[in-house]
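Peer 1: next comes the sequence, and after it the predicted model I'd like to discuss.
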Amino acid sequence: MWTVKELGSWTSIILLFLLFSSVTSQIQTEEFVTLTPENNFVELKVESGTDVVISVGNLSLDTAFSIIQANVFLGSVTLSYNRTLTQGNYTTGANIGLVLYNNTEKEVFLRQTSGALLNVLLGLQVYDGNAPIPGACNMEQSIRVAPFLPTRFSVDLVTVEFPIASWPMNVVPPTCDGSPLQYDIFHLYLPENDISQETLFKNIRLMSDWKSIQTYGKQVNYFGAPVNQIEFANYVGTGRIISVVVRGLTSSAAYVPTTSYGCTVSSAEEPCELLSSVLEKVFGACLFFIGLFMIAFGHRFFKIQIFLVGFCISMIISFILLFYFSQPSKLDATLIVFGVGVGGGLLLLGIWAWWGVPVLPVFLGCLILGFLVASIIAYSPLVDLSILKDNVTFWLAFLCFVLIGPLFLVSFPFYASLGISTVMGSYFVLFTLDQYVGSNLQYIVINILRRAVNSDFRVAIVDPPFQYRDLVLVIVWALLIFGGIFFQLWRERGRIRPPFPSPPTWPVWLRIPRIRPVDVLDENTPLIS
């Protein structure tokens, strides 16, 4: 048996060992990084539980303040003024930063507790006393000075906020009166379907300094309210970097740039998709083959064309009404809209079969052509004009372009039918290819549906990406349209037959009775007939 003295000795040894281990562990998990104006970007791989001490060096005498930023690839970290996290002295996120005043703070601390290895880009921007201080008049974030852009996203929108800046430090007394300050909004799209650390960090470097932002970013105007909350149309899976530059009377400063892929990205190998469920992918595959069939044989099989015209119109109307008045789940919405579309297609086919007049299906098909033309125009930068942010003006202009199709084509039903089948079929093919190629032409129609059902989308900055993938698909789209029209004209040449098929012959008891005209008697009518 051990004596009390021996137990006490072993207990002391164990406690000393544990204390030594904890101190050693703390030393091993702490790194030191120095940022200077000459070497203002450093990439790190930070393990979970690691603290990084970031210091600033080689600052000139006229430096009034500096901003240390941390941008994380697929993760988040914490930046703090102290080793110990205290209320109001730290912030956590994927794109964050802290302001260091030249006469006070000299270093900040980065902490990573996600449980995984993270890639972090550290940056430094320095400013003199003439530059406004980004986020110094912050009233919403937990930290006093917030020079970063809190970002969130939904299916339709990416929302970016920027805490109000203060006047430069050489203005005495300091004030938050924002009247002389101007905020310029810039964004830069990353290559489509490219979710990689190298691409992200390379472009963040270009969108951090306010002079570089003006060179590489695209300036956009926002007409919504409040002025410090910006709404962007969400293009799921396409990354973008957003920067805000605040301009004073003589100098400017930039907020820490923020990034968004419009979705929750778990890894670079698994990019997010707009149509992710199995049912939606099966529906997309069916659209592809139906589209090819319509391009080549749409007019010949006029009944199928009629069904698809009714199907598309019913789907669009039911989608708008369903999401305007309720918020169903994705599966429920897909089943309801698809079911209503099938019903609408059968109804239009039944109307044609009963009356035997092709004018109504051709007219509705021309409306679809006009809808696509109007949607293409609304997909251009023109939709970001301030006048089109008003709903009445926008929808009146949209309706005018929708009516272009019937006005020009309804007098030529045969050629209108060719155009309907090829344009509608080619867009079916384009929509499906867009899912697998990773471009964004699918949003030509989706953005119109968003505008119809989401009131916040009215003021959103649409400005869609148009990169080489989109250009290739536009060329393919044009070739499918013209190729389909010429192919169908070639098939129909020399055929001595009506341009449209006859309706089915109904049984006698289903036919509409014809009213015989009443005989009119006059002086020429014989008395005995």
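Peer 2: The structure has been received and is ready for your questions.

Peer 1: for the helix or strand where I475 lies, buried residues please.
Peer 2: In this assignment (DSSP states H and E), I475 forms part of helix 468-492. Using 16 or more other Cβ atoms under 10 Å as the burial criterion, the residues of helix 468-492 that qualify are 469-470, 473, 477, 480-481, 484-485, 488. C-beta here means a position set from N, CA and C on the backbone, and glycine is covered the same way.

Peer 1: how about stretch 306-318?
Peer 2: By 16+ other Cβ under 10 Å, the buried positions in stretch 306-318 come out as 306-316, 318.

Peer 1: can you check stretch 229-247 too?
Peer 2: For stretch 229-247, by 16+ other Cβ under 10 Å, it's 230-247.

Peer 1: over to stretch 435-453?
Peer 2: 435, 437-453.

Peer 1: so which residue is dead centre in this structure?
Peer 2: With the centre of the chain defined as its mean C-alpha position, the nearest residue by Cα atoms, centre = their mean is N234, 1.6 Å away.

Peer 1: burial of the residue lying closest to that residue once chain neighbours are set aside, as a residue count?
Peer 2: In space, and not counting its chain neighbours, N234 is closest to G262: 4.3 Å by Cβ to Cβ, 6 or more residues apart in numbering. As a burial measure, G262 scores 22 neighbours (other Cβ atoms under 10 Å).

Peer 1: A253: which of the buried residues of stretch 306-318 is nearest?
Peer 2: Proximity of the buried residues of stretch 306-318 to A253 (Cβ to Cβ) peaks at I316, which lies at 46.1 Å.

Peer 1: so L331 lies in a helix, does it not?
Peer 2: Yes - applying DSSP: H, G, I helix; E, B strand; the rest coil, one finds L331 inside a helix.

Peer 1: from V453, how far off is it?
Peer 2: To V453, L331 is 18 Å away according to Cβ to Cβ, to the nearest Å.

Peer 1: what's I481 in contact with, if anything?
Peer 2: Counting by Cβ atoms under 8 Å, 6 or more residues apart in numbering, I481 makes contact with 422-423, 426.

Peer 1: pick the one among these closest to L367.
Peer 2: Of all these, L367 sits closest to V423, with 12.2 Å by Cβ to Cβ.

Peer 1: just to check, that closest one is in contact with F371?
Peer 2: No - the pair V423 / F371 is not scored as a contact, 10.5 Å apart, by Cβ atoms under 8 Å.

Peer 1: mind checking which of these two has more residues around it?
Peer 2: Taking other Cβ under 10 Å, V423 and F371 do not tie; V423 has more neighbours (24 against 20).

Peer 1: okay, now the residue lying closest to T91 once chain neighbours are set aside: neighbour count?
Peer 2: Excluding the flanking residues, the one nearest T91 by Cβ to Cβ, 6+ apart is I143, at 4.8 Å. Counted by other Cβ under 10 Å, the residues lying close to I143 total 22.

Peer 1: same question for the one 5 residues further on.
Peer 2: Residues lying near F148 (other Cβ under 10 Å) number 30.

Peer 1: helix, strand, or coil at it?
Peer 2: Going by three-state DSSP, the secondary structure assigned to F148 is coil.

Peer 1: and if you look at the one 10 residues further on?
Peer 2: Using three-state DSSP, the structure places V158 in strand.

Peer 1: gap between it and V462?
Peer 2: 12 Å.

Peer 1: make sure I have this right: K281 is in a helix.
Peer 2: Yes - the assignment for K281 by three-state DSSP puts it in a helix.

Peer 1: can you report how many residues lie near it?
Peer 2: With other Cβ under 10 Å as criterion, K281 counts 15.
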